[in-house]
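K.L.:
Make a model of this:
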Amino acid sequence: MAGSGGDDNSGNTATAADDSSDAKAGSDGSGNTGNTATATAGGVAVAGGGDCGCQAGDDNADNVASADGLGSAAYAGFGGERNTHNTATATGGGYAQAGSLGDDLSWWDAVAGHGQIVVRP
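P.N.:
Predicted coordinates for the structure are as follows:
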């Protein structure tokens with residue numbers, strides 16, 4: 001799902017491969033642009049926006065989340081406002097969260113491998 005559930009959410013890309021994968025980019029809120037989420041092999045990826053089915057997460061732009069593998073989850077620049085240029089990558093059941101659940105968080109990177117939990121900041 002890309003750019004849904006809000007206003008002026010444009011230029012977002014969400015790609016989910018396999019039945020149990022889920023990708024959301026720039027959803028919910030307003031002004032969430034240029035976010036990319038990719039989920040494969042059962043992963044969950046969320047980039048920009050609120051991911052809450054509500055009007056939340058405004059002006060989150062240019063975030064990238066990638067999750068590969070069952071149980072993997074990557075969240076970049078979501079759940080707050082004005083979170084930009086964050087990157088989260090999770091593989092092998094890891095959990096990565098970068099620049100999320102706050103406001104004005106930018107340029108954070110989080111990479112999580114098998115069984116790891118990485119949250120920045």
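K.L.:
Tell me which stretches of the chain form strands.
P.N.:
Secondary structure of the chain (DSSP state E): strands located at 6-7, 13-16, 22-27, 29-30, 36-40, 44-49, 64-68, 73-76, 87-91, 95-98, 109-112, 117-120.
K.L.:
what packs against the fourth one?
P.N.:
In terms of contact count using 3 or more CB pairs under 8 Å, 6 or more residues apart in numbering; DSSP states H and E, strand 29-30 is assigned the packing partners strand 6-7. The way it works is simple: take the backbone N, C-alpha and C, and place the C-beta from them, glycine included.
K.L.:
Could you do the third one as well?
P.N.:
For strand 22-27, the elements it packs on are strand 13-16, strand 36-40, strand 44-49, judged by 3+ CB pairs under 8 Å, 6+ apart.
K.L.:
okay if I get the strands of the chain as a markdown table plus mean neighbour count?
P.N.:
Converted to a markdown table, the strands of the chain look like this (neighbours: other CB atoms under 10 Å):
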| stretch | mean neighbour count |
| --- | --- |
| strand 6-7 | 16 |
| strand 13-16 | 18 |
| strand 22-27 | 28 |
| strand 29-30 | 23 |
| strand 36-40 | 25 |
| strand 44-49 | 33 |
| strand 64-68 | 27 |
| strand 73-76 | 30 |
| strand 87-91 | 26 |
| strand 95-98 | 26 |
| strand 109-112 | 20 |
| strand 117-120 | 16 |
